[in-house]
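> Sequence plus the predicted model coming up.
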Number of protein chains: 4
Amino acid sequence: MKKEALKVAVIGGGSSYTPELVEGIIRRYHELPVRDLYLVDIKAGREKLEIVGALAKRMVEKSGLPINVHLTLDRRRAIEGADFVTTQLRVGLLEARARDERIPLKYNCIGQETTGAGGFAKALRTVPVILDIAKDIQELAPDAWMMNFTNPAGINTEAVLNHSKVKSIGLCNLPIGTQMQVANLTGVSAAEIDMEWVGINHLNWATKILVDGVDILPEILQKAADAKGMTMKNIPDFGWDADFLQSLGALPCSYLRYYYMTDDMLAEEIQASKTDGVRAEVVKRVEKELFDLYRDPNLTVKPKQLEQRGGAYYSEAAMNLISSIYNNKRDTQIVNVANNGILPFLPDTASIEVKCVIDSQGAHPVQIDTPIDARIRGLIQIVKAYEELTVDAAVHGDYNAALQALTIHPLVTSAKVAKSLLADILKENEAYLPQFK
Amino acid sequence: MKKEALKVAVIGGGSSYTPELVEGIIRRYHELPVRDLYLVDIKAGREKLEIVGALAKRMVEKSGLPINVHLTLDRRRAIEGADFVTTQLRVGLLEARARDERIPLKYNCIGQETTGAGGFAKALRTVPVILDIAKDIQELAPDAWMMNFTNPAGINTEAVLNHSKVKSIGLCNLPIGTQMQVANLTGVSAAEIDMEWVGINHLNWATKILVDGVDILPEILQKAADAKGMTMKNIPDFGWDADFLQSLGALPCSYLRYYYMTDDMLAEEIQASKTDGVRAEVVKRVEKELFDLYRDPNLTVKPKQLEQRGGAYYSEAAMNLISSIYNNKRDTQIVNVANNGILPFLPDTASIEVKCVIDSQGAHPVQIDTPIDARIRGLIQIVKAYEELTVDAAVHGDYNAALQALTIHPLVTSAKVAKSLLADILKENEAYLPQFK
Amino acid sequence: MKKEALKVAVIGGGSSYTPELVEGIIRRYHELPVRDLYLVDIKAGREKLEIVGALAKRMVEKSGLPINVHLTLDRRRAIEGADFVTTQLRVGLLEARARDERIPLKYNCIGQETTGAGGFAKALRTVPVILDIAKDIQELAPDAWMMNFTNPAGINTEAVLNHSKVKSIGLCNLPIGTQMQVANLTGVSAAEIDMEWVGINHLNWATKILVDGVDILPEILQKAADAKGMTMKNIPDFGWDADFLQSLGALPCSYLRYYYMTDDMLAEEIQASKTDGVRAEVVKRVEKELFDLYRDPNLTVKPKQLEQRGGAYYSEAAMNLISSIYNNKRDTQIVNVANNGILPFLPDTASIEVKCVIDSQGAHPVQIDTPIDARIRGLIQIVKAYEELTVDAAVHGDYNAALQALTIHPLVTSAKVAKSLLADILKENEAYLPQFK
Amino acid sequence: MKKEALKVAVIGGGSSYTPELVEGIIRRYHELPVRDLYLVDIKAGREKLEIVGALAKRMVEKSGLPINVHLTLDRRRAIEGADFVTTQLRVGLLEARARDERIPLKYNCIGQETTGAGGFAKALRTVPVILDIAKDIQELAPDAWMMNFTNPAGINTEAVLNHSKVKSIGLCNLPIGTQMQVANLTGVSAAEIDMEWVGINHLNWATKILVDGVDILPEILQKAADAKGMTMKNIPDFGWDADFLQSLGALPCSYLRYYYMTDDMLAEEIQASKTDGVRAEVVKRVEKELFDLYRDPNLTVKPKQLEQRGGAYYSEAAMNLISSIYNNKRDTQIVNVANNGILPFLPDTASIEVKCVIDSQGAHPVQIDTPIDARIRGLIQIVKAYEELTVDAAVHGDYNAALQALTIHPLVTSAKVAKSLLADILKENEAYLPQFK
Ligand SMILES: [Mn+2]
Ligand SMILES: [Mn+2]
Ligand SMILES: [Mn+2]
Ligand SMILES: [Mn+2]
């Protein structure tokens, strides 16, 4: 890419994460000349957009860089002619997320933002909006790259890959977060760690952990047993059983606790829902505090408290990706792309999350070295089958696909429960699910 | 096959099912000239072998056919030079099965003979014995066909296919039983029904139900909703929800209740375990009654009560298969064979249960017409991954594979529960699991 | 199928083969109640249609069966409401075939009706007509089965499978012909022979030859060496080299002489073209004689001389297939169908020629037992790649695909020759290739 | 790799290429600390080894670097404890190559060092030696990387991948050479060019040619038409036809002239064989001149004349690869590795030549973006089938595999010719083919 003045549009620009992204843009200005940064949000998010937008402007001003920050509710104007469009939106706001997290608990099922029935509800609301944005991009900025950071990122990416022609990549901070966890465990810096990462978004295993080309996975599996801190901010910090890790032979990502420790995680969620509230309710309080800070007209940097929010390294991951595309870096990063045979036990059309070479033509997945064992393969396959059905359900408003998606999800306990869950989800999200009418 | 005097060896010949098999042999004598029928059992089964063997001899005598029934505890003598070796054995007898069914209930998991942790325990005990028999066959009757009727039939078949060179086929009465259920539902005779049958042993879906070449599946899905009698004798007769069946778009086999109705099935099992006892305990009583009948020196036919036992049509399926091989019939039957691409989403080495052309060279699977939807694919994949690990665990005494097999099984609720289950299973079956020492 | 009065439409009904087809219909009337037989042809074929149609009527009259023979130039009327539509047409008549056979000889390339550059030219002319017929069927007889006997049958079938939604099967008399050759070699009757047949139309190998379930391939490979009569009428009877057959380990079909004996076959073709003329010219004389016979108002049976024509067993194969569909026979026959993984080294969309179970739902390929060796695989792959490009070229009038199709064909000696061949073919067939305008 | 003093063994160290390699080692010393360089050769090569070894020593001495150059005939001593073992050997010397090139001409077939019957003969001689070296490495330097530069590199690499456990990569200068050709054509520097390279060794197509992330392939295809210089030194410089390049849609590698321009290439070879001699004979004269230069005790640099020899950029490619492994660079290079699904239409065990990420764990192929068209796929498949059979023939001395390998090769005109060729090859190479006894 030879362009010397980039336009970046951030859909959901009023998010509390935006200061981190702005910080990332400023820090990389020497290699990534962002001239116009559009923060766009919906009407209901106008206040937050204005607060965070003002902070963004102060941050840029302090940097002295020729970046123009634009705040707008007009998504099409933001997208028009953009070079990169990132999505970090939340359909239905934290209120909807709280419902996603509470409904499953009624049926003794995991209630989580992206995993299980909660993630399913979020997908039904989000996929149509994401595809709508993709349509705008195709019309208004056909050469732009669409970066999906919006959860459930794997499902959203798969929807865009198969129902749109825009160039798109899905991104999550879990790989970089896991690298940080491993770094903490070993004392090696995160930048020195190169993982072989197998799976789909939020359902991953590190099958090699390389430091200077040497695989330290066996050592990590020992150190990780019962260790604290091997998790993301939003996921309870239960330690992994030593025998279990040995028998697995790979390092599970934080979200795999929902599958491997379903009983403990469920108990914790039920308990928390009665005390602190579900995660959305906690986040709501954190966000309130963050926006109170953001309002401070003297604040010109990203406040430290943002790191408590759970999205750590998100900006790092985002800006790394954009810069490698812009600069044709041909380095490797872990992102979400179309499978096309890299995981031969999944459909070619599945979105997967693996190490890719990033260049100006996009993300090119690298062959997995380690033969993928049945212990990992089986879980990936059933959750991907659920995701495939969920995309169908979300795109076409297909009740049958929706019921079967929930039914086969490993965290939903029976077809009867699936039916009840679906009834609740459709009812409580009615305003956001026009496709089911 | 040009032979005019066949030798058939039945391993586990003392089984209460044997009279049905003998009846089948007698009825097909005109096309299948069995000259020597060896009923072989282990020392602990001597008494039952003698009772059922005496009945078999009376049945043959009454038929007037030149069939010699041999009773023996010498398995190698029975196998030597045989044309067909069938296995219908039960390592650890009904006592072991009762434990298989009770242990999981302690952890609120399904306790079932072939499905879930119960089937897993049975597999650990059985696979080594089956492979031992295969070794004898290879040495003493290398041209013989080995017919695995022993449960878990899918796992046992997969073990033989991948760890032995004998010619072998796995068989189950579930396909023919399902055909009978459909026949009852419609009034068409079972013989007129031709199903497209997708999946692996005890985890199957009928994706077409053809009568005279016309697919009546849609009609069956409507009729089957909430219907009684759509199950095998050993599986509680809960009706399928109408919406669920519609959303599935295929007829699930009886065993799928354990996956789709886990909560109701578990409640029923717990309840039954407190009243009638687990299924093994019920069967024990039925068997006692059967053997009391078999003892009657005037009995010269298979008693009607055997049909209550749960193995209905088993002899039908068995003799159909053997006769088609012997007579090079080139007809189609549903049996368990190596996948090799028929279900492209499973490993080539997996055992699958599908329609095959049967000729003297064995069973040749036929391509599946219906594109297999994610709703079916996902479940098959994870259970097959469990089976693959179970074969590894059973063959090599591999604790890690065993722990992961249980962990990923959809009917085991967490890795912690898996670990406890495995500890119980290894301890309670210690006498039968030399490979784990 | 429950219908009791069938309508069969024969496109290209004026063909000299028609009496054989009529004979087959009469002989099978007891199981296949054809009430209306439409023989349809184009204007240029009117005279032949009338001659052969009159013979057909006399044959039916003699049989006393209630079959109505209709002669028509109105293809749509013939297709409307038909149960089976067969195609046996020849775009451009024997004149075009003669050109197909002569043009390649100019460049020292094999000139053959279906194989190489000749078959390519025929495909360009024929595919659009076949797809046009398929379009009529979809509109006028959407439940009808389309049986492609028209050459190049593999390419035509692939075109219909991928560019139409009609139910269709491709058929060739080569499998049954090869069975006859083997029968002659061994003394066993053809009906007792069951071959494993691997490949694509006119590029096949028998990888097993079963008699009563026993594989006699090794014996056949020895007997076939240097034997006479191991070929179809239209292919010179060069014997196979003994060492070559042994190293191949499979029985090659007659057409494989063009690939394995290219030099001898080419020499023979060049020689013949100077004396007897190319095959089309020989056939023209044979046809003239046949039609002279057909004209005889006293002739009421298929004349013996038809067997010299080269299409032996064609009616046998055709009527077997139709009858098995109509009667839901579930027997096995070798026909051309979509691959979908049966030959895993070819695209799913490729047409392949293999053993299938035939029932009222169509043809269902059976898994190949024998691992397919590189010696067979490689040739199938490159010729199928040529066919894929040829379908593209024929459907879209794509010059680039056409040039590359010829270039990679093993019987075309260079890209330069391919370019010259293509120029000649496009020019000499201009009247029949509107898609290239 | 943390080692600070590397041992490199060069098998075939007496080669005329060695000075280039030594130059590369010297130039990269700052990042690749080679302490011990073993040049090893066979007895027959002692004189050349001494000449080139003396030059190597003078070059090192001049550099002032602490590199020890060792000359030896003891291969095992050279391999013992090595970090990298490279092979650049020629079994039977140039005399054997001359025979490889002349024998096919007798039968009007292409006679070439690596392609067709000539390459086949070379493979039969070379594979056993390469596997023998691999055995030594496994025993004496099990952690070493084996770099196969020896031709036919694709076949040798496939043999090592499937018949040995050493870590190995195959390398060719064709990708880098093609980059240079493209660079000359466009004026862009070679280092800026990033190709998508599809195929197997010496049978490749560039399907994208990226400069700063932009695909300039369309422009290159126009410029390459009829251009001079689009070839390697050892391949006649026939220009590509413009229409042909357009219809192909990819840039063919130099060696593809043998397949696409068979007639012209054969005519040129026959002509040359009568005047200058076959390529081996030309090379022999060039080598003589080179060694005369090498003998000069005042020569302390690689002489310019070496570039005429045909192996340009070979050292560049070799040292890039070794350095990226040693330094865990994670950059991308085009090398020969196991397929494992990257080209889904080839066996997993095939060696392929594609872009890989290179790190201390080896070469990890990157997914191909461009859907691979039938026009490319077909040729790759049949030549790979030939290579698979050739490996079998070479490893097991299997006459049948050998005969079929030659028979299906697109550049061998018939099975009869294949049989004659094989007889000649086996006879003329008798001394080097113990496996065929
Ligand atoms: Mn995430
Ligand atoms: Mn069963
Ligand atoms: Mn044919
Ligand atoms: Mn090379």
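Perfect, thanks for sending it. Ligands and ions are numbered 1, 2, ... in the order given.
> Would you confirm that A:Glu196 contacts A:Asn204?
No. Using C-beta atoms under 8 Å, A:Glu196 makes no contact with A:Asn204, being 10.5 Å away. Yep, even glycine has a C-beta here, placed from its N, CA and C like the rest.
> which residues of chain A score low on pLDDT?
Low-confidence segments of chain A, defined by pLDDT under 70: A:1-2, A:308-312.
> ok, which residues in it are in contact with chain D?
With C-beta under 8 Å from any C-beta of the partner chain as the criterion, chain A comes near chain D at residues A:1-2, A:194, A:208, A:210, A:212-215, A:328, A:330-332, A:340-342, A:344, A:357, A:359-362, A:364-367, A:369.
> Type out the PyMOL command that picks the buried ones from those residues.
With 16 or more other C-beta atoms under 10 Å in any protein chain shown as the criterion, this PyMOL line picks the buried residues out of the residues of chain A next to chain D:
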select buried, chain A and resi 194+208+210+213+215+328+330+331+332+340+341+342+344+357+359+360+361+362+364+365+366+367
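> about what we covered before: looking at A:Glu196 and A:Asn204, which is more packed in?
Neighbour totals were compared for A:Glu196 and A:Asn204, and A:Asn204 leads with 29 against 22 (other C-beta atoms under 10 Å in any protein chain shown).
> For beta bridges, what are the partners of the more buried one?
Following DSSP bridges, A:Asn204 is listed with bridge partners A:Gly199.
> Identify the residues contacting it.
Contact analysis of A:Asn204 by C-beta atoms under 8 Å, 6 or more residues apart in numbering or on different chains lists A:Leu174, A:Pro175, A:Thr178, A:Trp197, A:Val198, A:Pro252, A:Cys253, A:Tyr255, A:Leu256, A:Glu353.
> Show me the residues of chain A next to chain D that map onto helices.
Using DSSP state H, no member of these sits in helices.
> tell me, which of the residues of chain A next to chain D make contact with chain B?
Of those, not one also sits near chain B (C-beta under 8 Å from any C-beta).
> Please flag which of the residues of chain A next to chain D sit within strands.
Among the residues of chain A next to chain D, the members found in strands (DSSP state E) are A:Asp194, A:Lys208, A:Leu210, A:Val214, A:Asp215, A:Asp331, A:Thr332, A:Val357, A:Asp359, A:Gly362, A:His364, A:Pro365.
> you'd agree A:Thr178 is up against A:Leu251?
Yes. Taking C-beta under 8 Å as the definition, A:Thr178 is a contact partner of A:Leu251 at 7.4 Å.
> any common contacting residues for those two?
Residues touching both A:Thr178 and A:Leu251 by C-beta under 8 Å, 6+ apart: A:Ala206.
> and the most centrally placed residue in chain A, which of the three is it?
The centre of chain A sits closest to A:Cys172, judged by C-alpha atoms, centre = their mean, with a distance of 4.0 Å. A:Cys172 carries the three-state label coil when classified by DSSP: H, G, I helix; E, B strand; the rest coil.
> List the residues that contact it.
Per C-beta under 8 Å, 6+ apart, neighbours of A:Cys172: A:Phe149, A:Ala153, A:Asn201, A:His202, A:Ala317, A:Asn336, A:Glu353.
> Distance check, the closest residue to chain D within the stretch 301-437 of chain A against chain B.
Nearest residue of the stretch 301-437 of chain A to chain D, counting by C-beta to the nearest C-beta: A:Ser360, 2.3 Å away. With the distance defined as C-beta to the nearest C-beta, to the nearest Å, A:Ser360 ends up 34 Å from chain B.
> who are the neighbours in contact with that residue?
By C-beta under 8 Å, 6+ apart, the contact set of A:Ser360 is A:Met1, A:Ile325, A:Tyr326, A:Asn328, D:Leu210, D:Asp212, D:Gly213, D:Val214.
> Look up the residues forming beta bridges with the fifth one.
In other words, D:Leu210. Assessed by DSSP bridges, D:Leu210 has beta-bridge partners D:Asp194, D:Asp215.
> where's it relative to chain C, distance?
Counting by C-beta to the nearest C-beta - D:Leu210 and chain C are separated by 23 Å.
> ok, that residue touching D:Asp194?
Yes. Counting by C-beta under 8 Å, D:Asp194 is a contact partner of D:Leu210 at 4.3 Å.
> Quick check: closest non-adjacent residue to the residue of the stretch 201-350 of chain A found nearest chain D.
Nearest residue of the stretch 201-350 of chain A to chain D, counting by C-beta to the nearest C-beta: A:Gly213, 2.3 Å away. Distance criterion C-beta to C-beta, 6 or more residues apart in numbering or on different chains; nearest residue to A:Gly213, sequence neighbours excluded, is D:Ser360 at 2.3 Å.
> now that neighbour: how far from chain C?
Counting by C-beta to the nearest C-beta, the gap from D:Ser360 to chain C is 34 Å.
> related to what we said a few turns ago, now tabulate the contacts of A:Asn204 in JSON lines and tack on secondary structure, distance to C:Thr18 and neighbour count.
Output for those, formatted as JSON lines (DSSP: H, G, I helix; E, B strand; the rest coil; distance: C-beta to C-beta, whole Å; neighbours: other C-beta atoms under 10 Å in any protein chain shown):
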{"residue": "A:Leu174", "secondary structure": "helix", "distance to C:Thr18": "70", "neighbour count": "24"}
{"residue": "A:Pro175", "secondary structure": "helix", "distance to C:Thr18": "69", "neighbour count": "23"}
{"residue": "A:Thr178", "secondary structure": "helix", "distance to C:Thr18": "73", "neighbour count": "27"}
{"residue": "A:Trp197", "secondary structure": "strand", "distance to C:Thr18": "65", "neighbour count": "24"}
{"residue": "A:Val198", "secondary structure": "strand", "distance to C:Thr18": "62", "neighbour count": "25"}
{"residue": "A:Pro252", "secondary structure": "strand", "distance to C:Thr18": "70", "neighbour count": "24"}
{"residue": "A:Cys253", "secondary structure": "coil", "distance to C:Thr18": "69", "neighbour count": "26"}
{"residue": "A:Tyr255", "secondary structure": "helix", "distance to C:Thr18": "69", "neighbour count": "22"}
{"residue": "A:Leu256", "secondary structure": "helix", "distance to C:Thr18": "68", "neighbour count": "22"}
{"residue": "A:Glu353", "secondary structure": "strand", "distance to C:Thr18": "62", "neighbour count": "28"}
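> following the helix or strand hosting A:Gln222, which helix or strand shows up next?
Applying DSSP states H and E as the criterion places A:Gln222 in helix A:217-224. Heading C-terminal from helix A:217-224, the first helix or strand you meet, by DSSP H and E, is helix A:242-248.
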